[in-house]
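> Below: sequence and its predicted model.
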Amino acid sequence: LPTIIDLATGECEKSVWQDAIQLLAGVIGYPAARERCSYPSSVFRALVQALSKGDARATTVILSSVEQLPPEDFLKLLEAIEPETLMRRSLASAPAIRSMVVKILGVCLVKCWPLVTAVSDENMRDSCVDGLRAAISMLSKEESDEDICLAAGAIVDELMLRYLNISPGPMSVIALFHP
């Protein structure tokens with residue numbers, strides 16, 4: 001696994017790099033592989049670094065694995081890289097994939113919130129709040145494109161659904177902030 005991590009974080013042929021990313025995403029995407037992994041922090045860091053490269057195929061593979069993570073495993077990812085850093089990197093990713101990254105990571109942050117509050121790590125909690133604020137603030141920024149607004153709206157919708165038991169209508173938050 002360390003060799004695969006080196007391929008994913010180093011310079012190599014694009015097809016080899018994509019295969020390494022796919023393998024690492026598979027490690028976190030499958031529960032049995034995740035449980036046996038000796039280097040989860042290194043795997044998570046390599047995948048986050050790969051997100052910043054803006055490769056659409058790699059991003060799709062990574063996000064589909066991250067999306068499948070149960071909240072307790074997503075929390076382990078957050079221990080490897082701060083939530084605020086994760087969200088800020090996603091906001092700086094390539095325009096073609098930015099909204100997908102923001103939405104999936106934001107919704108995952110919302111889903112793991114009860115675990116974040118149960119752990120007595122104030123820095124983790126504050127970083128999660130700052131990460132969510134960074135994403136949600138995109139709703140009120142004039143320069144935000146429509147896809148980012150929709151992604152931020154999806155995060156707010158998830159918050160409302162999970163913690164307020166309100167099932168918002170499609171685009172209701174967007175209509176509120178951008179009439």
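Sure, I can see it.

> Ranking helices and strands of the chain by mean pLDDT, which lands last?
Of all helical and strand segments in the chain, the minimum by mean pLDDT, DSSP states H and E falls on helix 172-177, at a mean of 50.

> Quick one: list the elements packing against the host helix or strand of residue 66.
Using DSSP states H and E, residue 66 falls within helix 56-68. If you count contacts as 3 or more C-beta pairs under 8 Å, 6 or more residues apart in numbering; DSSP states H and E, helix 56-68 packs onto helix 14-29, helix 40-51, helix 95-111. For every residue, glycine as well, the C-beta is placed using N, CA and C.

> Residue 148: which of the ones you listed is closest?
helix 95-111 (5.3 Å; C-beta to C-beta).

> Which element is encountered next along the chain beyond the closest one?
Following helix 95-111 in sequence order, the next helix or strand is helix 113-118 (DSSP H and E).

> From the rest of the structure, what touches that following helix?
Identification of contacts with helix 113-118 by C-beta atoms under 8 Å, 6 or more residues apart in numbering yields 71, 72, 75, 78, 124, 125, 128, 162, 163.

> Give me the buried subset of these.
75, 78, 124, 128 (16 or more other C-beta atoms under 10 Å).

> Nearest to residue 104 among those residues?
Ranked by distance to residue 104 (C-beta to C-beta), the buried ones among the contacts of helix 113-118 are led by residue 78 at 14.0 Å.

> The one helix or strand the closest one maps to versus helix 56-68: what angle between them?
Using DSSP H and E, residue 78 falls within helix 71-80. Here the directions of helix 71-80 and helix 56-68 differ by 120 degrees (axes from the mean of the first three to the mean of the last three C-alpha atoms, to 10 degrees).

> Can you spell out the domain ranges of this structure, please?
1-68, 71-179 (automatic domain parsing).
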